[in-house]
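A.B. asks: below are the sequence and a predicted model for it; my questions follow.
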Amino acid sequence: MEKGKKAPRPSPAKPGDHQAPSAKRFFEEEIPAALKAAEVACRTIGKTYQFVLNGPGGGSWVVDLATISCKPGRLEKPDLHLEMDSKDFTAMISGLLSGREAARTGRFQLRGNVELLTVLGRMLQPSQGPRL
């Protein structure tokens, strides 16, 4: 840099430059990336997960390890069904609420093989997903 010249200032952030954590973004971007990164393990495990998030910003998503997919919708008989408030889920993916604390305080309900939650949580750690 020439003497007497100042370094250029970074431009101010524009709306949309930084996306706040949201369930929709998590299930559309982060989960698919984590599944793809762990494709062999996913296909070996081959289980299905149903996530139902109630409230604003919520929805229902199906994670299918056998097909390496995450899509909006519902399954009649998933291997694991997790239901919780969308605000609590957003707090989890933001790092403001741990999965252990959410479980301890009854902030989500599980049906099915609860050990599968740990399996999915381990797969998500490399992508910095929530520690479910």
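C.D. replies: In hand now; what should we look at? Computed from a predicted model, the values in this text were never measured in an experiment.

A.B. asks: next one: the nearest residue to Asn54 once chain neighbours are set aside from Lys77, what distance?
C.D. replies: Excluding the flanking residues, the one nearest Asn54 by Cβ to Cβ, 6 or more residues apart in numbering is Asp85, at 5.6 Å. Bear in mind the C-beta positions are built from the backbone N, C-alpha and C, glycine included. To Lys77, Asp85 is 24 Å away according to Cβ to Cβ, to the nearest Å.

A.B. asks: just the strands in the protein please.
C.D. replies: 48-54, 59-64, 69-72, 80-85, 108-112 (DSSP state E).

A.B. asks: returning to what we had before: who's in contact with the residue nearest to Asn54?
C.D. replies: Going by Cβ atoms under 8 Å, 6 or more residues apart in numbering, Asp85 touches 53-55, 58, 107.

A.B. asks: the residue nearest the centre of the chain and Gly57: what is the separation?
C.D. replies: Nearest to the centroid of the C-alpha atoms of the chain, with distances taken as Cα atoms, centre = their mean, sits Phe26, at 4.4 Å. As judged by Cβ to Cβ, Phe26 and Gly57 stand 10 Å apart.

A.B. asks: same question, Ile45
C.D. replies: In this view, Ile45 and Gly57 are 28 Å apart by Cβ to Cβ.

A.B. asks: try Asp64
C.D. replies: The gap separating Asp64 from Gly57 is 23 Å, by Cβ to Cβ.
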